[in-house]
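K.L.:
sequence-free structure coming up:
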């Protein structure tokens, strides 16, 4: 049996193909968030982005976990697109939160959080998500995410709050003309990805006092709005997924301690844990 597994954020989708011998092949495409892409655009992105090796195999089962796939209507869009690309495959579409939960906790309970291009949080009982925050997306939510910090960086640049040394760095790396930025944010596709790309500055200059302050304030807002949404979080264990959490783990841990939450684990890429999970199931069934 050939199993195709995907973990999709708004920026990137990571794929693993498990063949009948338990061998893994890895691939990447752009993010396939149905909030930002139509079904036809998802089909095109898959056909143009996935390696020909994938299509040369008869795919029996697809397990797709994605940002924007928390609602049944969004799941249906992705499921239809995948069925178009892989005729005859059994297709399962779930939220990226469930993928994060399995990657962080397996069959144990905990608070699960994503800090990627966007952000999200839920309570996991060891098998299913029992409670989650309202997902408000790039414009209204996503506290502590790449998109959130990208907006903060752009705001601080154009409002002349950012220190001169960081301004010079941005100007060397990007076209910081206002018209250019506004066109890419408001008129071109995938404005959320473009804004989130500026969060790279956080990782490249994590020890800069201005950056450290920005990161801490962003994590504090995340905790205040997303973690505090859940009752009785004190003493609970939390697992995080995403590069933002991984790069700034020490600051994140400090903020969580203020809320009485223990940082149990940070998983930068859930796809490997998911692949191992289905590999075990495949081995048990063979």
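P.N.:
All right, it came through fine. Predicted, not measured: the structure shown is a model, and the values here were computed from it.
K.L.:
Could you list the low-confidence segments of the chain?
P.N.:
Counting by pLDDT under 70, the chain has low-confidence residues at 137, 286.
K.L.:
Tell me where it has strands.
P.N.:
Taking DSSP state E as the criterion, the chain carries its strands at 3-8, 12-18, 24-30, 61-66, 90-95, 110-115, 119-124, 129-132, 237-241, 262-267.
K.L.:
Adding distance to residue 75 and mean neighbour count, write those out as a markdown table.
P.N.:
No exception for glycine: its C-beta is placed from N, CA and C like everyone else's. Converted to a markdown table, those look like this (distance: least, Cβ to Cβ, whole Å; neighbours: other Cβ atoms under 10 Å):
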| stretch | distance to residue 75 | mean neighbour count |
| --- | --- | --- |
| strand 3-8 | 12 | 25 |
| strand 12-18 | 15 | 21 |
| strand 24-30 | 18 | 15 |
| strand 61-66 | 9 | 22 |
| strand 90-95 | 4 | 18 |
| strand 110-115 | 17 | 27 |
| strand 119-124 | 15 | 25 |
| strand 129-132 | 14 | 15 |
| strand 237-241 | 20 | 24 |
| strand 262-267 | 23 | 18 |
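K.L.:
out of the ones you listed, nearest to residue 224?
P.N.:
With Cβ to Cβ as the measure, strand 119-124 is the member of those nearest residue 224 (12.0 Å).
K.L.:
how big is the angle separating the closest one from strand 90-95?
P.N.:
In this structure, strand 119-124 runs at an angle of 100 degrees to strand 90-95, with axes from the mean of the first three to the mean of the last three Cα atoms, to 10 degrees as the basis.
K.L.:
Against which helices or strands is strand 119-124 packed?
P.N.:
Contacts defined by 3 or more Cβ pairs under 8 Å, 6 or more residues apart in numbering; DSSP states H and E place strand 119-124 against helix 96-105, strand 110-115, strand 129-132.
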